[in-house]
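A.B. asks: Quick one, fold the following:
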Amino acid sequence: MIIMGVLTGHFLPDGALLPSCVQVLPDDWSPYCNWQEFELAKFLFKCAEMPASQIDTLLKIWAASLIELGGNLLFANHTDLYCVIDSMSVGAVKWENFKITYKCKCQDGQNVDEQDELIKLTGLGGQDGQDEPNAPWMFNVYDVWYRDPCQVIHNLLGHTDIKDEMDLIPYQEFNVMNKQRHWEDFMSGDWAWEEADKIISINPMTTGATLVPIILGSDKTTVSVATGQMDYYLLYLSIGNVCSTTCHAHRNAVVLIGFLAMPKTCRENVNTPAFHKFKRQLFHSLLACILHSLHAAMTVPETVLFSDQYYHCIIYSFAAYIADYEEQVLLSCIMHGWCLKCLAHWKDLDQDALWCCCEHTELIIKELDLQTLWDKYSIDRTIPFTSEFPHVDIQRMLLPDILHQLIKGGFKDHLVDWVEKITAVTPFTGLQCFPQGQCFKQWTGNDSKGLMKVYIAAIEGYVPEKIILTFSSFLKFCYLVHRNVITEPTLIAIEDALASFHSHHGIFHNAGVHYPYLICQFGMPNGLCSSITKSKHIKAVKWPYQCTNCFQALGQILRINKRLAKFAAARADFEKCGMLGGNHLLNTDHNALNKQDCEGDSEELAASFEEDPGNMDDSPMSVEAQHTHARNMRDLAIKLNIPQFHNILWCFLQSQLQHDNHDPEDVPLDKCPFYDGPVHVYNSVSSMFYASSDVSGCHGMCHEHIHCSPTWRNEGCHYDCVFVITNPHTKGMLGLDVACVLCFFFFKHLGMEYPCAIICWFDHVGDSPNNTGMWVVRTHNAQDIAIVHIDTIYCAAQLIPVYVFQHGIDPVSIKPDESYNKFQFYYVNKFADHHAFEIAF
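C.D. replies: Residues are numbered from 1 along each chain as shown. Got it, this is the predicted structure:
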């Protein structure tokens, strides 16, 4: 990478020192007078989401209380507050708009202001455009709001929050031990490497410029139904230089850049070919207009100030488009049901076929008539937005989508038809319960993901074995492609899963046939999933809409987004200058406000519980308190109804204190350490561990609670199961055992602290998983209780009953908290989350 000098524009030598940063005074909170104003503005507008009238009421009460003290009010009213927020000069890229129409004549009430930019839609030539010369939709004027994508990218490149989580050059990563290649972030794929070579071969002057891959995404979302069908068509932008985990953590690396038009017409015209063609061409024309400012820097590098205070030469290139299949059909200008990536006919998608490319599409459009194009290639004459940009192939930009094509499409639409037995599944961290079985009125993405994790156990034994193998292969495939790091063995496993799909159920072969190749091209598909844009809807539109008066809400949504962007940028600037070190609120004795981080970009916990997490230790497993009545060992033995509790405890102490390889159970009880002192009992522990494939923090840390509560949410008990490390030298289930936690307790002996768990073991059934891909365990002797140190607990485990072996038991009548008491055999659910999938093999 070549870096240009800040002032002269000359190339800097290797190893040049960083330019000196502009020093900011530690009390320069401009445009705020002090830190109190900034914190109050952020709290009222962003954290409390307080309406304007309530802000005025609060400030009036505050002003009255300050009269006697002679203090000064920070803000006079909500107008004063909003003016200060709007005066922040950092962060936000202003919203602009243009109007677009098919014909220049406008209907009554739709006159275009002279100051407005009116664009006449092109690309509708041919017979379709002549069907209805007087159709109302032809004279409608559509108002489109957008942000300059160039300025948005400049902000991302200069974003101090993510400067250490960006890749500025394409790279290939290998394991030094086995020479196997790893695919992780976007720039680790072959596409970035090949694209850089192609751009340099076309224009050698681009040598040394930083490649900035542009990732787009669009999706429709509904914000209100009861008060009128309020839909928005959102366009997002990100860049491939940002690490994929950063995008998942909502660190403002995915930016809303446009609200696309959604044309509507009367019922008589809604299904006409002309209107359908108009909607397709309108979509592409809007994208071309919004993205037009990127064109120049796709051939000639421009210089941009990065977060390291250097100016870099950059070159843009369209890389990927995040969308579900319906939108991918619209983007690729083909008919529904055809493959987006190859030329296979829709009646035989399993056949080997050539890859689609823009050169081939342009050639056959010139040579073939409209009917042949439609029948043999499913191509219409819609002009794609990429036609106006250099070295861009729309077919290459379209990628498989995990959420819609695998989870919602492959699983929900093609596999689910019987789910009654899932009502007896035990609770588990981050896993939805389905108390009503299959009675789903509306499916969400989370519903599909939750059902996937428990479905295979519900049908095993009641359907043919091939269906079980199909489900097992499907779930294995989903978890493999969801990994944050994909290695060569992972690719082989993905191909094996696809082969299993094809052998047991042909419908899945084409659904994932292109995944291995596209992983090599673009890195892990988890980083280019539509779940990223869908989760962004909440922050970008749905929450702002709830803060509006719902009348012509778009302008208010734009204003709220602009203010949120300003807050994020101001916070980053203040942190960079060391002004948000966390001491201000502590010094003024506002500890509670300092502990409650209201920032939307903070990592969320892996699960949500009623307990307050409190202050955790630095250890991987820390105890959280809910004291019970047992205060000593004798009371605890009585409460748990374990007469041999003292003997078990003394054997545990022997195992902790001995330094030889003798079995503690071989030591006579009278030789074991004696303890009968006080004890502290707890109802839960918090566990923190590394689980890189989970939706956790930027660096893969995951946090969960493990419960052993006699009463849970005023209903029943909640005793979690856990993985216990019994052989640290063996991987997978051969080195782990499963146990149910009966109690967590803590005591001190000879100055040593012992955080422990009382557990009841489950026995492995067999030496390998069964045809579901999951291990089976069975209940152990109820009297065979053990005490283990919580450091030996790996994480929580979920067990699902093996229904087929349990005759005379109606799963629908069993409550989730009764599941561990009613059944004898259980599956160790490796599909409960990504972490369990990695360890329970």
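A.B. asks: Check the secondary structure at Asp635 for me.
C.D. replies: Each residue gets one of three states, and Asp635 gets helix by DSSP: H, G, I helix; E, B strand; the rest coil.
A.B. asks: count of residues packed around it?
C.D. replies: Asp635: 15 surrounding residues under other C-beta atoms under 10 Å. (Each C-beta comes from the backbone N, C-alpha and C, glycine too.)
A.B. asks: For the stretch 51-200 of the chain, which residues score under the pLDDT cut-off?
C.D. replies: 104-134 (pLDDT under 70).
A.B. asks: Where does the prediction get shaky in the stretch 301-450 of the chain?
C.D. replies: Residues of the stretch 301-450 of the chain that meet the cut-off, pLDDT under 70, sit at 340-341, 343-355, 400-450.
A.B. asks: That one: helices as residue ranges?
C.D. replies: Ranges of helices within the stretch 301-450 of the chain are 325-332, 358-367, 370-377, 394-397, 445-459, based on DSSP state H, counting those that start in this stretch.
A.B. asks: Now the third one: buried residues?
C.D. replies: Buried residues in helix 370-377, counted by 16 or more other C-beta atoms under 10 Å: 373, 377.
A.B. asks: Could you tell me the angle between that helix and helix 358-367?
C.D. replies: Angle of helix 370-377 versus helix 358-367, following axes from the mean of the first three to the mean of the last three C-alpha atoms, to 10 degrees, is 140 degrees.
A.B. asks: One more: the first one?
C.D. replies: With the same axes, to 10 degrees as the criterion, the two stretches helix 325-332 and helix 358-367 enclose an angle of 70 degrees.
A.B. asks: Run the chain-centre distance for helix 325-332.
C.D. replies: From the chain centre to the centre of helix 325-332 is a distance of 22 Å (C-alpha atoms, centre = their mean, to the nearest Å).
A.B. asks: Alpha carbons only: can I get the helix or strand where Ala572 lies in PDB?
C.D. replies: For Ala572, the host element (DSSP states H and E) is helix 553-576. The C-alpha trace of helix 553-576 is given here as PDB (Å, rounded to 0.1, in the frame of the first residue of the first chain):
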ATOM      1  CA  ALA A 553     -42.900  10.300   9.200                       C
ATOM      2  CA  LEU A 554     -40.000  10.100   6.600                       C
ATOM      3  CA  GLY A 555     -38.700  13.600   7.300                       C
ATOM      4  CA  GLN A 556     -38.700  12.900  11.000                       C
ATOM      5  CA  ILE A 557     -36.900   9.600  10.500                       C
ATOM      6  CA  LEU A 558     -34.200  11.300   8.500                       C
ATOM      7  CA  ARG A 559     -33.700  13.900  11.100                       C
ATOM      8  CA  ILE A 560     -33.400  11.300  13.900                       C
ATOM      9  CA  ASN A 561     -30.900   9.300  11.900                       C
ATOM     10  CA  LYS A 562     -28.900  12.400  11.300                       C
ATOM     11  CA  ARG A 563     -28.800  13.200  15.000                       C
ATOM     12  CA  LEU A 564     -27.900   9.600  16.000                       C
ATOM     13  CA  ALA A 565     -25.000   9.700  13.500                       C
ATOM     14  CA  LYS A 566     -23.800  12.900  15.000                       C
ATOM     15  CA  PHE A 567     -23.900  11.500  18.500                       C
ATOM     16  CA  ALA A 568     -21.900   8.400  17.400                       C
ATOM     17  CA  ALA A 569     -19.200  10.600  15.700                       C
ATOM     18  CA  ALA A 570     -19.000  13.000  18.600                       C
ATOM     19  CA  ARG A 571     -18.600  10.200  21.100                       C
ATOM     20  CA  ALA A 572     -15.800   8.700  19.000                       C
ATOM     21  CA  ASP A 573     -14.000  12.000  18.800                       C
ATOM     22  CA  PHE A 574     -14.300  12.700  22.500                       C
ATOM     23  CA  GLU A 575     -13.100   9.200  23.300                       C
ATOM     24  CA  LYS A 576     -10.100   9.600  20.900                       C
END
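A.B. asks: How far away from the center of its chain is stretch 68-82?
C.D. replies: Relative to its chain's centre, stretch 68-82 lies at 40 Å (C-alpha atoms, centre = their mean).
A.B. asks: Count the residues that sit near Thr221.
C.D. replies: Using other C-beta under 10 Å, Thr221 has 18 other residues around it.
A.B. asks: Helix or strand: which one has it?
C.D. replies: Assigned by DSSP H and E, Thr221 falls in strand 210-224.
A.B. asks: next SSE after that strand?
C.D. replies: Counting by DSSP H and E, what follows strand 210-224 is strand 230-239.
A.B. asks: what about that next one, average pLDDT?
C.D. replies: Mean pLDDT, strand 230-239: 91.
A.B. asks: Can you tell me, leaving aside adjacent residues, what's nearest to His780?
C.D. replies: Spatially, and ignoring its direct neighbours in sequence, His780 is nearest to Trp761 (4.3 Å; C-beta to C-beta, 6 or more residues apart in numbering).
A.B. asks: And Thr361, by the same measure?
C.D. replies: Per C-beta to C-beta, 6+ apart, closest to Thr361 is Ile379, 6.5 Å.
A.B. asks: Now do the same contact list for that neighbour.
C.D. replies: The contact partners of Ile379, by C-beta atoms under 8 Å, 6 or more residues apart in numbering, come to 333-334, 361, 364-365, 373.
A.B. asks: now, which of these sits nearest Val828?
C.D. replies: Ile334 (43.9 Å; C-beta to C-beta).
A.B. asks: Let's verify Val681: helix, strand, or coil?
C.D. replies: Under three-state DSSP, Val681 falls in the strand class.
A.B. asks: Quick check: it vs Arg631, distance?
C.D. replies: 8 Å (C-beta to C-beta, to the nearest Å).
A.B. asks: higher neighbour count, the two?
C.D. replies: With neighbours defined as other C-beta under 10 Å, Val681 and Arg631 compare such that Val681 has more, 22 against 13.
A.B. asks: thought the more buried one was touching Leu636?
C.D. replies: Yes - the pair Val681 / Leu636 is scored as a contact, 6.4 Å apart, by C-beta atoms under 8 Å.
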